[in-house]
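Participant: Show me the folded form of this:
(one chain, ligands or ions: 2)
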Amino acid sequence: MKTNPDTKTEITFEDFKAEVLNDYKLAVTSRECSLLGRREVLTGKAKFGIFGDGKEIPQIAWAKAFENGDFRSGYYRDQTFMMAIGELTIEQFFAGLYANTDIKDEPMSAGRQMGGHFATHSLDADGNWKNLTEQKNSSADISPTAGQMPRLLGLAQASKIYRKVKGIDSTNFSKSGNEIAWGTIGNASTSEGLFFETINAAGVLQVPMIVSIWDDNYGISVHARHQTTKENISEILKGFQRNEDDKGYEIFRVDGWNYPELMDTYQRAAKISRKEHVPVMIHVQELTQPQGHSTSGSHERYKDQERLAWEAEYDCNAQMRKWIIENNIATTEELIVLERSIKKDVRAAKKAAWTAFHNPILSERKEALNLLGKLAASSPNGVFIKKFKNDLEALDEPVRRDILSATRRALRYVVSESSSEKLALQNWINNYISNNQPKYSSHLHSESEHNALNQSEIIPTYDDDAKEVDGRVVLRENFDAIFNRYPEALIFGEDAGYIGDVNQGLEGLQEKYGALRVSDTGIREATIIGQGIGMAMRGLRPIAEIQYLDYIMYALQIMSDDLATVQYRTKGRQKAPLIVRTRGHRLEGIWHSGSQMGGVLNLVRGIHVLVPRNMTKAAGFYNTLLDSDEPALVVECLNGYRLKEKLPNNIGKFKTPIGVVETIREGDDITLVSYGSTLRLVEQAAKELQVVGIDAEIIDVQSLLPFDLNHDIVKSIAKTNRVMVIDEDVKGGASAYILDQILNVQNAFQYLDSQPKTLAAQPHRPAYGTDGDYFSKPSVEDIFEAIYGVMHELSPDDFPKLR
Ligand SMILES: Cc1ncc(C[n+]2csc(CCOP(=O)(O)OP(=O)(O)O)c2C)c(N)n1
Ligand SMILES: [Mg+2]
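Facilitator: Residues are numbered from 1 along each chain as shown. Ligands and ions are numbered 1, 2, ... in the order given. So this is what the prediction gives:
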């Protein structure tokens, strides 16, 4: 059903007619899918539908300009495009609607995403790259409006890197950087900051990015007059238009119902962008939304009669049909025959998709019914179990929840019986859960052999006369080794280029590796992350630098919604092994002392979160991560760049393991758990506690996500029988997370002789100055007294009250 991408200029009328009719067939097929899709939701077979009706024709024009190696980063209206490039069949469309969990039937997300969220496979089933230059690519969609924009920037920039940076093995990823990254966005979503940030950044970077704005005048019910100044996005963005003196954008405006003009526009746009690496904006106006926004409501509530009449007339499919007839390409009768056969085809494919989705569940139900029947026959409570069986049997369209709910509840009626039938049902339920849970929960992280947990530790080694250097020098030397070893590695961020970052961990490296690999960016945290995600999706190894942890808040949404979910939402068929480098924890003032780790931790599940206590540990994490295929956030200690560390002699090679804690002081009385900058205070307090006879063991967590995979902390608690978590985040933040891990995952409660405690910061942001820090975050005295207090409670005679 693909559209024909052949755009040769001289073709016969018959060829021309065949191509036009093929395009029309595609448009009508897609429309029929939308119409039937909505019915499937309204009759209860599917839960939610959001469709591409009213946007069909421009997507066919776009698909003709889209070449192998190109990437899409779009949103939920693009089903026609996906069909046109041959990456979405009718069956797959319906499989998505039903949430079929088999990736062969539902390649977009194996049922994890609601319909209308599209993806192609960049990785094979083992997590290895496919050759992306030999296929048409779509990065996996996310639902937050404009959330597709930051990633689009990186997908486009990758072409520039592959074209200009020498020495990268581009076999699987690029042919001389000739690939375009194509974005789509709804008119209303251009109101989002992410849209403007991305547009500006792409203009600065001059990357091959083409953004199509599907303009139907509305965002759900809200009219353009509430969305866009002058109600016209390309009008207000006119200042981005390039001219003879200044670089910028090429901006096109075209009506979405005008088939020949759309064809022409997309061809011209592609030519400019592919060759010259110029960003392009195509404002596709006068589009419609025939069935309203989604299955959640009807558009008659907010569109007046005049608008509805206009939409009926200017429906892009209707206009194409009219154009075909007016230009004598085909007759009305021919089109009616075609339309009838399309309806039949879509109905048949829909039915096949339903059968493929439903049959496995029916046979699972059969097994359950069989076991329930046998249990009923063998149990004195058989009458109750029979009822579960009958109710389950009576369902026309059972889902897995129905099967599990019936069998698990039935088990309660035989709790005090013992029979082979009961055992059989118990085993079946256990197997059923362990077989099915991964369908919904696998691939939060990489499951390939390259995952970060498969990397073993390599200890830093030192010459006998190893130099003591500033911590930032360890980092710089290590980054130097990284860029030398991995031509595909690159780093970018605010002040990361020319001056080599605000703490000079990259000093001199731009000069050595060039401004494309060690680069300054604008102040735009969300698109710094997006730039990294897009480049990582195309085989590069970006390190995105966020200047301070405090400002990661601007990027946290994209980290959470996009980066953290890439593996999960594609069931492991796409990856973005982006390293996010930042620096944080205590330094000065409200916004340069942030340690908002609790917030971060709870929002980025899917990304490793690493909190090295010094720069050697940090460098070791970068080395580990570059040998793995997973995204991570590394938080360097802001006050550690000028502290002295010995310079290892295996720079670039030593690796800090992920998910492994380190005991940095041994002791018998209490286990102190902490990380990052706070550790230095904890160590000082431990020295002072020793003087009064308290012997503390200190554990550096190092890796918050994943957390202490070997359960070493509980081993320490088994020895000391006491634990305190010390953290400069607010109470209930990271310290609560750590304690939950210790108590609920490691089951430490059984070893505890004292109440487990947390010591954290004041609930406000840290005040400025030395005293601001002292009164805002745990001090050495606070730590000393808190631990002393635990020992006082235990033995008031040995440790009399301090104050
Ligand atoms: C960040 C965010 N806010 C709100 C929503 C809910 N929402 C989904 S689509 C939509 C309207 C989008 O309109 P537009 O961009 O014009 O696209 P259209 O559906 O009209 O094609 C809204 C408000 C969302 N998905 N994400
Ligand atoms: Mg809209």
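Participant: The stretch 151-300 of the chain: strands as residue ranges?
Facilitator: In the stretch 151-300 of the chain, the strands defined using DSSP state E, counting those that start in this stretch lie at 181-186, 209-214, 218-219, 222-223, 250-255, 280-285.
Participant: and the angle from the second one to strand 280-285?
Facilitator: The reference is to strand 209-214. 10 degrees (axes from the mean of the first three to the mean of the last three CA atoms, to 10 degrees).
Participant: Over to the fifth one?
Facilitator: With the same axes, to 10 degrees applied, the angle from strand 250-255 to strand 280-285 works out at 20 degrees.
Participant: Give me the sheet partners of strand 250-255 and which way each runs.
Facilitator: Strand 250-255 has the following strand partners under DSSP bridges: strand 280-285 (parallel).
Participant: what residues does the stretch 101-250 of the chain put near ligand 1?
Facilitator: Counting by CB under 6 Å from any ligand atom, the stretch 101-250 of the chain comes close to ligand 1 at 143, 144, 145, 186, 187, 188, 189, 214, 216, 218, 219, 220. C-betas here are computed from N, CA, C, even on glycine.
Participant: Any stretches of the stretch 1-150 of the chain with poor pLDDT?
Facilitator: 1, 5-9 (pLDDT under 70).
Participant: ok so, going back, show the buried residues in the residues of the stretch 101-250 of the chain next to ligand 1.
Facilitator: 145, 186, 187, 188, 189, 214, 216, 218, 219 (16 or more other CB atoms under 10 Å).
Participant: Please tabulate the residues of the stretch 101-250 of the chain next to ligand 1 in TSV, including the columns distance to ligand 2.
Facilitator: Below are those laid out as TSV (distance: CB to the ion, whole Å):
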residue	distance to ligand 2
143	15
144	15
145	10
186	4
187	4
188	5
189	8
214	7
216	4
218	5
219	5
220	8
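Participant: which ones are touching the spatially closest residue to residue 763 that is not a sequence neighbour?
Facilitator: Nearest residue to residue 763, sequence neighbours excluded (CB to CB, 6 or more residues apart in numbering): residue 730, at 5.2 Å. By CB atoms under 8 Å, 6 or more residues apart in numbering, the residues touching residue 730 are 596, 598, 760, 761, 762, 763.
Participant: 7 Å - rerun?
Facilitator: Each residue near residue 730 by CB atoms under 7 Å, 6 or more residues apart in numbering is listed here: 598, 760, 761, 763.
Participant: Could you do residue 489 as well?
Facilitator: Residues near residue 489 by CB under 7 Å, 6+ apart: 482, 483, 541, 543, 626.
Participant: Residue 503 now?
Facilitator: Contacts for residue 503 (CB under 7 Å, 6+ apart) come out as 472, 583, 641.
Participant: State which one residue of the chain is found closest to ligand 1.
Facilitator: The nearest approach of the chain to ligand 1 comes at residue 186, 2.0 Å away (CB to the nearest ligand atom).
Participant: Any stretches of this protein with poor pLDDT?
Facilitator: In the chain, residues with pLDDT under 70: 1, 5-9.
Participant: interface residues of it facing ligand 2?
Facilitator: 186, 187, 188, 216, 218, 219 (CB under 5 Å from the ion).
Participant: how about the strands in the stretch 651-800 of the chain?
Facilitator: Secondary structure of the stretch 651-800 of the chain (DSSP E, counting those that start in this stretch): strands located at 662-665, 670-674, 696-700, 703-705, 723-730, 757-761.
Participant: Save these as CSV, and put in distance to residue 477 too.
Facilitator: As requested, these are exported to CSV (distance: least, CB to CB, whole Å):
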stretch, distance to residue 477
strand 662-665, 22
strand 670-674, 27
strand 696-700, 23
strand 703-705, 23
strand 723-730, 29
strand 757-761, 33
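Participant: Can you tell me which of the ones you listed is most buried?
Facilitator: Among the strands of the stretch 651-800 of the chain, strand 670-674 has the highest mean neighbour count (mean count of other CB atoms under 10 Å), at a mean of 28.
Participant: Could I get the contacting residues of the nearest residue to residue 485 once chain neighbours are set aside?
Facilitator: Closest residue to residue 485 apart from its sequence neighbours, by CB to CB, 6+ apart: residue 652 at 6.2 Å. By CB under 7 Å, 6+ apart, the residues touching residue 652 are 478, 481, 482, 485, 623.
Participant: Kindly report the same for residue 719.
Facilitator: By CB under 7 Å, 6+ apart, the contact list for residue 719 reads residue 668.
Participant: for residue 480, same thing?
Facilitator: By CB under 7 Å, 6+ apart, the neighbours of residue 480 are residue 509.
Participant: Renumber starting at 769 from here on
Facilitator: Got it, the first residue is 769 from now on, which makes the last one we talked about residue 1248.
Participant: Doesn't it lie inside a helix?
Facilitator: Yes - Residue 1248 sits within a helix when classified using DSSP: H, G, I helix; E, B strand; the rest coil.
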